[in-house]
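Colleague: Have a look at this fold, sequence not included:
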């Protein structure tokens, strides 16, 4: 399966946030957290920020910006994504499990207790 599915997107250009209606089943607290994260990203860096599931259920952060957007902070974008990968790791992993179970039909693997 190679098809990507957009979870959500935020645009600094239109000052809008979009949550794919297919993910309405997510808990409100999760929806609010990803909304805040995406909107703050575009406020800080500019451009368009997307959370996208790849065909294997991996969550990817994608960024786009208009060619003539000199206000877009490319260095800030890279730094912000690294920060989000670290600070939101648990959220991203949970979203990936949700997607794999409910959309890809995978079985949840029991987790072994940590020692």
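Modeller: Right, received. Where do you want to start? None of the values given here were measured: they were computed from a predicted structure. Residues are numbered from 1 along each chain as shown.

Colleague: which residues touch residue 33?
Modeller: residue 91 (C-beta atoms under 8 Å, 6 or more residues apart in numbering). Bear in mind the C-beta positions are built from the backbone N, C-alpha and C, glycine included.

Colleague: Confirm it sits in a helix?
Modeller: Yes - counting by DSSP: H, G, I helix; E, B strand; the rest coil, residue 33 is located in a helix.

Colleague: Kindly state the pLDDT recorded for it?
Modeller: Residue 33 is assigned 97 on the pLDDT scale.

Colleague: Next: residue 1.
Modeller: pLDDT, residue 1: 49.

Colleague: what sits opposite the spatially most central residue of the chain in the beta ladder?
Modeller: Centroid-nearest residue in the chain, with C-alpha atoms, centre = their mean: residue 51, separated by 2.8 Å. Applying DSSP bridges to residue 51 gives these bridge partners: residue 8, residue 61.

Colleague: That one and residue 107, how far apart?
Modeller: According to C-beta to C-beta, to the nearest Å, residue 51 and residue 107 sit 24 Å apart.

Colleague: next one: residue 46
Modeller: 41 Å.

Colleague: which of these two has more neighbours?
Modeller: residue 46 (22 against 7; other C-beta atoms under 10 Å).

Colleague: Assign a three-state SS to residue 10, would you?
Modeller: Residue 10 is classified as strand under three-state DSSP.

Colleague: Now for it: which residues touch it?
Modeller: 16-18, 35, 38-39, 41-42, 48-49.

Colleague: Find the nearest non-adjacent residue to it, please.
Modeller: Residue nearest to residue 10 in three dimensions, not counting chain neighbours: residue 38, with 3.7 Å by C-beta to C-beta, 6 or more residues apart in numbering.
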